[in-house]
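1. Show me the folded form of this:
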Amino acid sequence: MQLALVFTNLEGNLPLQMGFLTSLSKLGVGTNNLSGEIPLSIYNISALVILSLTNNDFYGTLPTNIDLLLPNLQYLWLGGNEFSGKIPISITNISGLISLDLPVNNLSGEVPTSIGDLPFLETVNLEWNLLDSNSVGDWDFLASFTNSSNTMSLEGNHNNFVGKIPKVMANLSYQLTKLGIAGNQLSGTIPIGLGNLVNLYSLDMSTNSLSGPIPGDFGNLYNLQYLSLGENKFSGEILSTLSNITTLSDVYLSNNKFEGNISGNLEKSKSLQFLDVSNNDLGGIMNPQFFSIHLSLIYLDSAHNSLSGPLPLEVGRLNHLEVFNVSYNKFSGQFYS
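-> Numbering: from 1, shown residues only. Just a heads-up that it's a prediction; the model follows:
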């Protein structure tokens, strides 16, 4: 039995009687105006395979014995609510769990250290919570994902993770396609070895206090499409090895301390559409060839640098360009429209 009431403008609380549907395998009430605590009777529907309560105003804590109550659960989607408290350790006993989606809540404490041992787990989204505040074991859970052969997406953006990026991150499964640790309190350098994650298409480390150069092995991320390192303290030149990543479409490197010239470092990335290198220490001229190659550019922001010389005429060939910001540089000559 399935019950789907998504996008139906429902209001109020979930009725206790819903828990009497003991043969219900799929329950979806996402994107409504529902509120209140989840009735305990819902957690007694042991046949549930999918529980989706996303984008409502539910609150309360998750039951500590969730593994006993919902042993058959495969998809737990609770994002966009006001759930609080800790992620129950017992969740790691739900052996069939495939997707754990808990973003945009008020969950706190440490992530269960053996979460990555779940054999079928493919996606984990914990972003925009209050997880791990100044705890020694902030990153212990990552070690469990080194043995995971199925996990493809791991998102921990905008929490309270602190300290350095652990070296064990370089040993995550090569199956990983999406990794996000943006908006935390991370410092230090990016450990060597992340280039081993060759199937990554999205990597977001923005809005931390990370420093040092972009590691040379980033050039091995030949499937990368989205790279965001903005709002950090990175320095050095933007590596020419990034030029080897022909799939790059979105590159955000703003508000760092990068030096050198951007024009010659992304020559092979012909799919580039969004490039933000604003608020760095870049200098030199903008190579006309850069614009001849990147005809798909939609967004280019290189403001607040020390770029100089004339603006190339080739800018006028960017037919898809919507945002072009080169303010607060040292350009000279005539601007052609």
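2. Span of stretch 191-203 from start to end?
-> By Cα to Cα, to the nearest Å, the extent of stretch 191-203 from end to end equals 14 Å.
3. Stretch 23-40 too?
-> With Cα to Cα, one end of stretch 23-40 sits 16 Å from the other.
4. Same question for stretch 147-159.
-> Taking Cα to Cα, stretch 147-159 runs 24 Å from one end to the other.
5. What residues of stretch 227-237 count as buried?
-> Leu227, Ser228, Leu229, Gly230, Glu231, Asn232, Phe234 (16 or more other Cβ atoms under 10 Å). For glycine as for every other residue, the C-beta is placed from the backbone atoms N, C-alpha and C.
6. can you tell me which two in those are farthest apart?
-> Maximum pairwise distance among those (Cβ to Cβ): 13.6 Å, between Leu227 and Glu231.
7. residues making contact with the helix or strand Glu259 falls within?
-> Following DSSP states H and E, one finds Glu259 within strand 257-260. Defining contact as Cβ atoms under 8 Å, 6 or more residues apart in numbering, one finds that strand 257-260 is touched by Lys233, Phe234, Ser235, Gly236, Glu237, Ile238, Val277, Asn280, Asp281, Leu282, Gly283, Gly284.
8. For beta bridges, what are the partners of the last one?
-> It refers to Gly284. Taking DSSP bridges as the rule, Gly284 bridges to Leu307.
9. Direction included, what does the strand holding Glu259 pair against?
-> For strand 257-260, pairing defined by DSSP bridges yields strand 233-237 (parallel), strand 281-285 (parallel).
10. Identify each buried residue in it, please.
-> Buried residues in strand 257-260 (16+ other Cβ under 10 Å): Phe258, Glu259, Gly260.
11. ditto for stretch 266-276
-> Leu266, Glu267, Lys268, Ser269, Leu272, Gln273, Phe274, Leu275, Asp276.
12. Excluding covalently adjacent residues, which one is nearest to the second one?
-> The spatial neighbour of Glu267 that comes closest, neighbours along the chain excluded (Cβ to Cβ, 6 or more residues apart in numbering), is Ser243 at 5.1 Å.
13. can you check the fifth one too?
-> Using Cβ to Cβ, 6+ apart and skipping residues adjacent in sequence, the residue nearest Leu272 is His294, 4.9 Å away.
14. so what's that neighbour up against?
-> When contacts are counted by Cβ under 8 Å, 6+ apart, His294 touches Leu266, Ser269, Lys270, Leu272, Leu275, Leu318.
15. switch to 10 Å and redo it
-> 263, 266-267, 269-273, 275, 300, 314, 317-318, 320-321 (Cβ atoms under 10 Å, 6 or more residues apart in numbering).
16. Which ones among the residues you listed map onto strands?
-> Leu275, Leu300 (DSSP state E).
17. quick one on the thing from earlier: any idea how far the residue nearest to Leu272 lies from Tyr226?
-> 16 Å (Cβ to Cβ, to the nearest Å).
18. same deal with Glu122?
-> Taking Cβ to Cβ, one finds Glu122 at 19 Å from Tyr226.
19. again with Gly284
-> Distance, Gly284 to Tyr226, by Cβ to Cβ: 26 Å.
20. The stretch 101-250 of the chain: strands as residue ranges?
-> 106-109, 123-125, 130-131, 153-155, 162-164, 178-180, 185-188, 202-204, 209-212, 226-228, 233-237, 250-252 (DSSP state E, counting those that start in this stretch).
21. can I get the ones you listed in CSV with mean pLDDT and distance to Thr8?
-> As requested, the strands of the stretch 101-250 of the chain are exported to CSV (pLDDT from 0 to 100; distance: least, Cβ to Cβ, whole Å):
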stretch, mean pLDDT, distance to Thr8
strand 106-109, 96, 26
strand 123-125, 98, 24
strand 130-131, 95, 30
strand 153-155, 97, 28
strand 162-164, 91, 41
strand 178-180, 98, 30
strand 185-188, 94, 40
strand 202-204, 98, 32
strand 209-212, 97, 44
strand 226-228, 98, 33
strand 233-237, 93, 46
strand 250-252, 96, 35
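22. And the ones you listed: which comes nearest Gln2?
-> When those are compared by Cβ to Cβ, strand 123-125 sits nearest Gln2, at 21.2 Å.
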